[in-house]
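J.: starting from these lines, generate the structure:
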Amino acid sequence: MAEVVDERLERFRAEFLPRLVEAFQPARVLAFGSRARGDALKHSDLDLLVVSERFRDVRWLDRAPLVLEMLAAPFGVEVLCYTPEEYERKVEELGIVRTASGEGLDLLAPIRQGRGPVR
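T.: Presented below is the predicted three-dimensional model:
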């Protein structure tokens with residue numbers, strides 16, 4: 001994917017991603033959609049896919065509200081939350097998980113690599 005500089009995405013990386021990592025210890029966090037592509041409108045939300053073991057005993061419908069409440073971001077965030085096994089199944093199907101995985105930005109890459117933001 002081409003280099004993307006989106007102010008809201010960069011703010012999320014700096015302020016909110018560390019909270020997400022601390023609270024849910026995700027295996028994967030992908031930003032996808034218009035903010036990741038660089039064609040977002042002023043009020044476009046940030047689309048995230050989060051994969052974490054911490055979702056294992058949480059009903060699917062309760063996961064996103066749990067994450068959004070913890071983040072308390074002052075801008076729109078849409079989040080899809082999966083356990084690792086659910087993610088592995090969904091990524092093989094045609095749908096949003098497969099699209100996000102193919103086109104999304106891996107927000108944990110800089111953390112894993114110990115470097116600054118990677119786009």
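J.: where exactly do the strands run in this structure?
T.: Remark: strands assigned in the chain by DSSP state E are 28-32, 46-51, 77-82, 105-106.
J.: next, format those strands as JSON lines and append distance to Glu15 and mean neighbour count.
T.: For glycine as for every other residue, the C-beta is placed from the backbone atoms N, C-alpha and C. Below are the strands of the chain laid out as JSON lines (distance: least, C-beta to C-beta, whole Å; neighbours: other C-beta atoms under 10 Å):
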{"stretch": "strand 28-32", "distance to Glu15": "14", "mean neighbour count": "22"}
{"stretch": "strand 46-51", "distance to Glu15": "12", "mean neighbour count": "24"}
{"stretch": "strand 77-82", "distance to Glu15": "12", "mean neighbour count": "20"}
{"stretch": "strand 105-106", "distance to Glu15": "17", "mean neighbour count": "18"}
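J.: out of these, nearest to Arg8?
T.: strand 46-51 (5.8 Å; C-beta to C-beta).
J.: show me how far the closest one is from its chain's centre.
T.: 3 Å (C-alpha atoms, centre = their mean, to the nearest Å).
J.: circling back to that earlier point, same list, the strands of the chain, but as a markdown table with mean pLDDT and distance to Pro18 please.
T.: Putting these into a markdown table (pLDDT from 0 to 100; distance: least, C-beta to C-beta, whole Å) gives the following:
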| stretch | mean pLDDT | distance to Pro18 |
| --- | --- | --- |
| strand 28-32 | 97 | 11 |
| strand 46-51 | 98 | 14 |
| strand 77-82 | 98 | 15 |
| strand 105-106 | 96 | 16 |
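J.: let's have these in JSON lines, adding distance to Leu9.
T.: Formatted as JSON lines, the strands of the chain follow (distance: least, C-beta to C-beta, whole Å):
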{"stretch": "strand 28-32", "distance to Leu9": "6"}
{"stretch": "strand 46-51", "distance to Leu9": "6"}
{"stretch": "strand 77-82", "distance to Leu9": "11"}
{"stretch": "strand 105-106", "distance to Leu9": "8"}
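J.: OK, contacts around the most centrally placed residue in the chain?
T.: In the chain, the centroid-proximal residue (C-alpha atoms, centre = their mean) is Leu48; its distance is 3.0 Å. Leu48 makes contacts with Val29, Leu30, Ala31, Phe32, Val77, Glu78, Val79, Leu80, Leu107, as judged by C-beta atoms under 8 Å, 6 or more residues apart in numbering.
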